[in-house]
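Q: Sequence and predicted structure are below.
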Amino acid sequence: MKKIGLLICVLALAIGCKSGSGSAEKPPKPATASASNAAKLDTKAEKNLNGNWKIVKVDFPGSGYFKVNAFGVADPKCFEGSAWTFVQNNNTGTVTLNQSGCPAFTSAIKWQVSKEGQFGLKFISEGTKAKNQTQGYYSAFQNATENSFELVDVIDVAGQKKNVTYYFQRN
């Protein structure tokens, strides 16, 4: 009986959690660990991401007028030139921001791509196990090829939905 109750709680939590979207005033809503575990993974897309990538461009309307905190880390433009490593066999990797005038940032990550086209990302603090990191972010995973892909985050700017698009290119 306890197993059935636990299963119902997990399913209710997974159904109630949706992909996060950003806001001009605060970072994107975090995704919960249980929601990411419930997603069906797109293993083919994940396999294609294996390796080293960089963000070659970040685009969003009003970037000169509105302050946005991408992934709870820095301004989206600080992600231009950032180095990303994706390890497909265990869905881990690293992110390093290296833009001058931006905060220095390096973090281990845990990531996934769902069959619904959602890219899940968790930044893992040093000394923390990925399973214990309960907050993360979802973005739309689009236009994937062997050497490029895009992550699109939807933010709210003065009541209007705007896209922040991160353009990735394989190193």
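A: Great, that's in hand.
Q: make it CA atoms for all contacts and neighbour counts henceforth
A: Fine.
Q: In the protein, mark out all the helices, start to finish.
A: For the chain, the helices defined by DSSP state H occupy 2-16, 33-38, 43-49.
Q: For the shortest one, what does the pLDDT average out to?
A: Helix 33-38 shows an average pLDDT of 44 in the prediction.
Q: can you check stretch 90-106 too?
A: 95.
Q: got it, and stretch 151-158?
A: Here the average pLDDT along stretch 151-158 is 86.
Q: I'd like the distance from it to the chain centre, please.
A: 13 Å (CA atoms, centre = their mean, to the nearest Å).
Q: which residues touch the most centrally placed residue in the chain?
A: By CA atoms, centre = their mean, the chain has its centre lying nearest to Leu121, at 3.6 Å. Neighbouring residues of Leu121 by CA atoms under 8 Å, 6 or more residues apart in numbering: Ile109, Lys110, Trp111, Gln112, Gly136, Tyr137, Tyr138.
Q: and if you look at Lys77?
A: Taking CA under 8 Å, 6+ apart as the test, what Lys77 contacts is Lys57, Val58.
Q: if we can go back for a sec, least reliable of the helices of the chain by average pLDDT, please.
A: helix 2-16 (a mean of 37).
Q: What's the separation between Asn171 and Val152?
A: Distance, Asn171 to Val152, by CA to CA, to the nearest Å: 20 Å.
Q: Show me which of the two is the more surrounded one.
A: A count of neighbours by other CA atoms under 10 Å puts Val152 above the other of Asn171 and Val152, at 22 against 13.
Q: Please name the bridge partners of the more buried one.
A: Val152 has these beta-bridge partners by DSSP bridges: Ala140, Thr165.
Q: Roughly how far does it sit from Tyr167?
A: 9 Å.
Q: Could you do Asp59 as well?
A: 8 Å.
Q: Who has more neighbours out of these two?
A: Tyr167 (19 against 15).
Q: what sits against the residue nearest to that one when sequence neighbours are not counted?
A: In space, and not counting its chain neighbours, Tyr167 is closest to Glu150: 4.7 Å by CA to CA, 6 or more residues apart in numbering. Listed by CA under 8 Å, 6+ apart, the contact set of Glu150 reads Ala140, Phe141, Gln142, Asn143, Ala144, Thr165, Tyr166, Tyr167, Phe168.
Q: Now, of the contacts of Leu121, which are buried?
A: Ile109, Lys110, Trp111, Gln112, Gly136, Tyr137, Tyr138 (16 or more other CA atoms under 10 Å).
Q: Out of those, which is nearest to Lys40?
A: Here the nearest of these to Lys40, counting by CA to CA, is Gln112; it sits at 9.7 Å.
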